[in-house]
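Trainee: dropping a prediction and its sequence here:
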Amino acid sequence: MKGLKLDPGRIREELARFNQQLQDSYHTLKAIDSVDVAPTPFDTVYRNDKVCLNYYAPASDTPRLAPILICYALVNRPYIADLQADRSLIAELTRRGIPVYLIDWGYPDETDRFLDLDDYINDYLHSCVEATCRHADSEQITLLGICQGGTFSLCYTALHPARVRNLILMVTPIDFHSDDFILSHLALKVDADLAVETYGNIPGELLNDTYNSLMPMRLGIQKNLGLPNQLSSQEKALNFLRMERWINDGPDQAGEAFRSFIKQFFQQNLLLKGEVQIGSGTVDLMQIRQPILNIIGRHDHLVPPSSSKALRGATASADYQELEVRAGHIGVFVSSRGIREVPTGIADWLRSRQ
């Protein structure tokens, strides 16, 4: 390149420094026996097939609020909400006096190939809501849906409003055809029928590669070049490896549920049209009258704010509020900013409505 001046001595120094960092990283990794996640104690209080309902008790010295049931997405494992002690949405909510229940969808296998959205929403999610009410001795719960779990929570609330007192959504897609929804643009090209006929259940590795392709520089080259710094100490390495464990722990997707979600939500955008079919019912967002807190990641590359904000005015709720966090899709509940702002925002919002 014209005008580019290279200093051989400086190049040798940088290569030697980088080589030393790689050696140090090797020794750091060698000293790590295991990568632990989900440190907050819980009891499993209900099971339905592979689905578990886990209960996290609130701190005993704080005033209790109504129970929260967290409904996470099918495409990743829910322990991201309790990744480690200092990055745990669940732990922070319990510290604020909130009993927390979490749905663990488990790992679908070939026996789950024909599970559809009716099974997930009208059976598994509904039974977990009922089990939460029984265990908490409460007529109603606050339903907190994250990402695809937020979309499920909207559908459930529209179909079964009696048990839901408040609805909290986090990084949830609403308008699947917003202009900057890159993942949705990709999904429009997917032949869902061919995919299910080919794979049966959709491999989690395939979906993970798709997500990484949305930001190839940051999630590929840039991340790999930054590895020596990420592995410079055992504490940093464990922080990095816990997230890597979660990223690469994506369950396979039950074929029929995947087919229906791709077609009805991504390709046909039926949620906003009030035409999603779940079993024998039609999801009409105007049936939702509960207070809604919609938590949005300002820098979310998976579910852009424009998609989430489409919920304003799409329901019959007279109590709608947005909380926008300066973070990405996952940073909303694992970054230092997210951990500072989101649990406090949720607790304050609930307290003002109790």
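Mentor: It's in.
Trainee: what are the boundaries of the strands in the stretch 201-350 of the chain?
Mentor: Using DSSP state E, counting those that start in this stretch, the strands of the stretch 201-350 of the chain run over 276-278, 281-283, 292-297, 320-325.
Trainee: what's the spacing between M243 and R351?
Mentor: Distance of M243 to R351, given as CB to CB, to the nearest Å: 31 Å. In short, each C-beta sits where N, CA and C put it, glycine included.
Trainee: average pLDDT across stretch 17-31?
Mentor: Taken as a whole, stretch 17-31 has a mean pLDDT of 76.
Trainee: pass me the low-pLDDT residue ranges in the protein, would you?
Mentor: Judged by pLDDT under 70, the chain has its weakly predicted residues at 1-4, 60-63, 215-225.
Trainee: before we move on, the earlier item: winner for burial among the strands of the stretch 201-350 of the chain?
Mentor: Neighbour counts (mean count of other CB atoms under 10 Å) averaged over each of these peak at strand 292-297, with a mean of 24.
Trainee: now for it, which elements pack on it?
Mentor: strand 164-170, helix 305-308, strand 320-325, helix 331-334, helix 336-351 (3 or more CB pairs under 8 Å, 6 or more residues apart in numbering; DSSP states H and E).
Trainee: excluding chain neighbours, what is closest to F333?
Mentor: L89 (4.3 Å; CB to CB, 6 or more residues apart in numbering).
Trainee: so the one you found touches Y72, yeah?
Mentor: No. Using CB atoms under 8 Å as the test, L89 is too far from Y72 to be in contact (10.7 Å).
Trainee: now do the shared contacts for those two.
Mentor: Residues touching both L89 and Y72 (CB atoms under 8 Å, 6 or more residues apart in numbering) are A81.
Trainee: take the helices and strands packed on strand 292-297 and lay them out in JSON lines including distance to D284.
Mentor: Below are the helices and strands packed on strand 292-297 laid out as JSON lines (distance: least, CB to CB, whole Å):
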{"stretch": "strand 164-170", "distance to D284": "15"}
{"stretch": "helix 305-308", "distance to D284": "19"}
{"stretch": "strand 320-325", "distance to D284": "17"}
{"stretch": "helix 331-334", "distance to D284": "28"}
{"stretch": "helix 336-351", "distance to D284": "25"}
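Trainee: for A158, find the nearest of the strands of the stretch 201-350 of the chain.
Mentor: Using CB to CB as the measure, strand 281-283 is the one of the strands of the stretch 201-350 of the chain that comes nearest A158, at 4.9 Å.
Trainee: strand partners (parallel or antiparallel) of the closest one?
Mentor: Using DSSP bridges, strand 281-283 pairs in its sheet with strand 276-278 (antiparallel).
Trainee: okay, stretch 240-253 in CSV with CA atoms only?
Mentor: Output in CSV follows, covering the C-alpha atoms of stretch 240-253 (Å, rounded to 0.1, in the frame of the first residue of the first chain):
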residue,chain,number,x,y,z
PHE,A,240,-15.7,-15.9,28.4
LEU,A,241,-16.1,-19.7,28.6
ARG,A,242,-19.5,-19.5,30.4
MET,A,243,-20.8,-17.4,27.6
GLU,A,244,-19.3,-19.7,25.0
ARG,A,245,-20.8,-22.7,26.7
TRP,A,246,-24.2,-21.2,26.5
ILE,A,247,-23.8,-20.1,22.9
ASN,A,248,-22.8,-23.6,21.8
ASP,A,249,-25.5,-25.3,23.9
GLY,A,250,-28.4,-24.7,21.6
PRO,A,251,-31.0,-27.5,21.7
ASP,A,252,-32.4,-29.0,18.5
GLN,A,253,-35.8,-27.6,17.6
